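Q: could you work out the structure for the sequence below:
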Amino acid sequence: MLTVDFAKFPISPGEQVLDLGCGFGRHAFEALRRGAHVVAVDRSQDEVAEVTAMFAAMKAAGEAPAGVVSRAVRADLLALPFPDASFDVVMASEVLEHIPADELAMAEIARVVRPGGRVAVTVPRYWPERVCWALSQDYHDVAGGHVRIYRGDVLAERLSRAGLVPTGSHHAHALHAPYWWLNCALGKESLPSRAYHRMLVWDIVKRPWVTRFAERSLNPVLGKSLVMYADKPAAAKAADVAA
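A: The predicted structure follows:
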């Protein structure tokens, strides 16, 4: 289940792509399939190990084009172990809402993407996330949980202060918002939550036209995630990145 829309954010063969907070690798794997050289980063050693194993399996199965390089590394997004301007593309999906020093994280993103490069950031959308917080304290008040809720204009402003230029945004995963509301209100093991989860799994696996149409129609209003794209100006100066 991808949150970044690769039709709106195309990845070209041979590009150097960094997937920050990669989790179990969904965006990294798609970039690899498209012929990019991919580095996936996460703080969880278990997730790094699983992504490493999947990269190897994809290459063995012929899912990755010949010659592409992929690796997963454990690292801190606030102090990335990469030189300036190392990547053509940086993605950070559903990670910034977990980081107290989010502006430092955005500065690191801007530092490691090359001038003229592209960035995709996704975070929970303001109003569906606010409903979750209102329904359940445990939803966010846990170790490693969400520490803030972004409004779109605030996210765009912070990316701009990091030296990036927002170029567009959209919303995704409308069908997932009610699932999280059910979890927050009734618990994951409640009958409604489990039934809705089965429907979501069916949708992800089968991708029937009726749910695809429903989600596309509902995303502008109900989309659970805010997806924002940005460029690093080709003439960016070091001072701009540090601002």
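Q: CA atoms for contacts and neighbours, from now on please.
A: Noted.
Q: so what are the sheet partners of the strand of greatest length in the chain and their directions?
A: Counting residues, the longest strand found in the chain (DSSP state E) is strand 113-124. Strand partners for strand 113-124, identified by DSSP bridges, are recorded as strand 87-93 (parallel), strand 225-231 (antiparallel).
Q: now tabulate the ones you listed in JSON lines and tack on mean neighbour count.
A: Below are those laid out as JSON lines (neighbours: other Cα atoms under 10 Å):
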{"stretch": "strand 87-93", "mean neighbour count": "25"}
{"stretch": "strand 225-231", "mean neighbour count": "24"}
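Q: now those in CSV, with mean pLDDT and distance to Arg33?
A: Below are those laid out as CSV (pLDDT from 0 to 100; distance: least, Cα to Cα, whole Å):
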stretch, mean pLDDT, distance to Arg33
strand 87-93, 98, 15
strand 225-231, 98, 21
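Q: so which of those comes closest to Leu159?
A: strand 225-231 (7.9 Å; Cα to Cα).
Q: residues in contact with the closest one?
A: Residues from elsewhere that reach strand 225-231, judged by Cα atoms under 8 Å, 6 or more residues apart in numbering: 3-4, 9, 116-125, 152, 156, 159, 164-173.
Q: one more: stretch 71-85?
A: 20-21, 38-45, 48-49, 51-52, 55, 101, 104-105, 108, 111-115.
Q: related to what we said a few turns ago, nearest to Glu129, of the strands paired with strand 113-124?
A: So among the strands paired with strand 113-124, strand 225-231 is nearest, using Cα to Cα, at 8.9 Å.
Q: pick out the residue nearest the middle of the chain.
A: Ser93 (1.1 Å; Cα atoms, centre = their mean).
Q: distance of the closest residue to that one other than its chain neighbours from Leu164?
A: Leaving aside its chain neighbours, Ser93 sits nearest to Thr122 (4.6 Å; criterion: Cα to Cα, 6 or more residues apart in numbering). Counting by Cα to Cα, to the nearest Å, the gap from Thr122 to Leu164 is 15 Å.
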